[in-house]
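Participant: Test case, fold it:
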Amino acid sequence: MHEPAFWYRPSSWTSRLLMPLAALYGAIAGRRLQRKGFDAGIPVLCVGNYHLGGAGKTPTVLALVRLLRDLGETPVVLSRGYGGRLRGPVMVDPTRHVALDVGDEPLMLAPTVPVVVARERIDGLALARSQRASVIVMDDGFQNPTIAKDASLIVIDASRGLGNACVFPAGPLRAPLPPQVERTDALIVVGEGSAAQPVAAAVAARGRPVISAHLKADEASLALLRGKRVLAFAGIGDPERFFRMLCACGIEVARQRPFADHHPFSKSEIEGLIAEANRDALTLVTTEKDLARMRTRDGLPHRLREIAPFAVTLEIDDATELRKLVSNWLFKAREKKFRARD
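Facilitator: Numbering: from 1, shown residues only. Predicted coordinates:
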């Protein structure tokens, strides 16, 4: 879905009209957050966000996986597989599955780390543990109470923040903010800007760390695009951030085409984009996540191989702080589970 523009306006009649529905939705979501989850038996670290839409969650999952491996851990990612048809539990196989099977984000993660998809996340625990996981990384699911989290790492975009800070459907929040902040163990603020400062202050007031990070473009991606005029398109939570990043990297964005998050590109849409780019001597560029949705069981169709993927990684400004934080979470989680067994 496209995010409504009024979600990111400070005052809107539409938002006010939706407040009764938001109050009902928020009450239900708030009560769900109070439930006690099932103990997975091994540490569970959740990467989530407070709101609907993009914030840099997938790059954060990959950064956390790299950090865990540096610590000698064997992480396995557990995902709901949003957008996929398979209920699971199933191990994602990039050579066999497509985005319509398991969702675009799990398919994007799977070449790097084992990924279990289960529509009901609790059903995926046994399969994740069978992969000799020493720690489970939950990709999203912060608001889902079924599995107990040993720590929740929340991601927020510095320039977008929480929009009007209202609960869905009046705004983008998935649940009222105070109980979400209460359950936050650390906040990662991605990029530049001041929109996230109020929530960062609320998290810091509870004695929880607020960590700055930024997205860095892959050098190979930049090399492909230097000196070229591009037609950029994206169907992610915040396409505008993608377009801004291209410009910030010195790439001339002649045209941009935003689509809804997880947009399933049709053959006619892709052919239209290719024809437009060829007509005006532009290079097509999109995100890795969008390209993952276009792959078939035989790989990327030939006609799509001229689309340049723009790969990014999340870089933590103070990686040592996050490393210490994660080590402490793991130690406390294992100590707690050991005591529970006794």
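
Participant: and the closest residue in space to Ala126 that isn't next to it in sequence, how many residues sit next to it?
Facilitator: Once flanking residues are discounted, Ala126 sits nearest to Pro89: 7.5 Å by C-beta to C-beta, 6 or more residues apart in numbering. All C-beta atoms are positioned from the backbone trio N, CA, C, and that covers glycine. Close neighbours of Pro89, defined as other C-beta atoms under 10 Å, add up to 21.

Participant: Contacts for the helix or strand hosting Ala202, please.
Facilitator: For Ala202, the enclosing helix or strand under DSSP states H and E is helix 197-205. Outside helix 197-205, the residues that touch it by C-beta atoms under 8 Å, 6 or more residues apart in numbering are 50, 154, 156, 161-162, 165, 177, 181, 184, 186-187, 189, 210.

Participant: Relative to Asp70, which of these is nearest.
Facilitator: Ala186 (17.6 Å; C-beta to C-beta).

Participant: Please look at that closest one and Pro209 and confirm they touch.
Facilitator: Yes - using C-beta atoms under 8 Å, Ala186 is in contact with Pro209, at 4.8 Å.

Participant: what would the contacts of helix 197-205 look like in CSV with pLDDT and distance to Leu225?
Facilitator: Formatted as CSV, the contacts of helix 197-205 follow (pLDDT from 0 to 100; distance: C-beta to C-beta, whole Å):
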residue, pLDDT, distance to Leu225
Tyr50, 95, 33
Ile154, 96, 32
Ile156, 95, 28
Gly161, 90, 29
Leu162, 92, 32
Ala165, 90, 36
Leu177, 95, 38
Val181, 96, 39
Thr184, 96, 37
Ala186, 97, 34
Leu187, 97, 32
Val189, 96, 27
Val210, 97, 33
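
Participant: out of those residues, who's nearest Lys36?
Facilitator: Distance to Lys36 across the contacts of helix 197-205 (C-beta to C-beta) is lowest for Thr184, with 17.9 Å.

Participant: Touching, the closest one and Gly207? I think so.
Facilitator: No - between Thr184 and Gly207 there is no contact under C-beta under 8 Å: 11.0 Å.

Participant: who has more neighbours, those two?
Facilitator: Thr184 (22 against 6).

Participant: quick one: contacts for that one?
Facilitator: Ser152, Ile154, Val203, Arg206, Arg208.

Participant: The last one contacts Ala186, correct?
Facilitator: Yes - counting by C-beta under 8 Å, a contact exists between Arg208 and Ala186, whose distance comes to 5.9 Å.

Participant: Pick out the residue closest to the middle of the chain.
Facilitator: For the chain, the residue nearest the mean C-alpha position is Lys57 (2.6 Å; C-alpha atoms, centre = their mean).

Participant: Can you tell me the element Val253 falls in?
Facilitator: strand 252-258.

Participant: Helices along this structure, start to end?
Facilitator: Under the criterion DSSP state H, the chain contains helices at 13-17, 19-33, 57-70, 99-102, 104-109, 125-130, 177-182, 197-205, 219-225, 239-248, 267-279, 288-294, 319-341.

Participant: mind showing which ranges of the stretch 1-150 of the chain have poor pLDDT?
Facilitator: Applying pLDDT under 70 to the stretch 1-150 of the chain flags residues 1.

Participant: Next one, pLDDT for Ala202 please.
Facilitator: As summarised for this prediction, Ala202 has a pLDDT of 96.

Participant: How is this structure partitioned into domains?
Facilitator: The chain resolves into domains spanning 21-73+134-215+315-337, 219-310 when parsed by automatic domain parsing.

Participant: hey, which of these is tucked in deepest?
Facilitator: Stretch with highest mean neighbour count among these: domain 21-73+134-215+315-337 (a mean of 19; mean count of other C-beta atoms under 10 Å).

Participant: And that domain, end to end?
Facilitator: 40 Å (C-alpha to C-alpha, to the nearest Å).

Participant: cool, and stretch 307-325?
Facilitator: End-to-end distance for stretch 307-325: 39 Å, by C-alpha to C-alpha.

Participant: Narrow the contacts of helix 197-205 to those in strands?
Facilitator: Ile154, Ile156, Ala186, Leu187, Val189, Val210 (DSSP state E).

Participant: Spit out the contact partners of Gly193.
Facilitator: Asp157, Ala158, Ser159, Arg160, Gly161.
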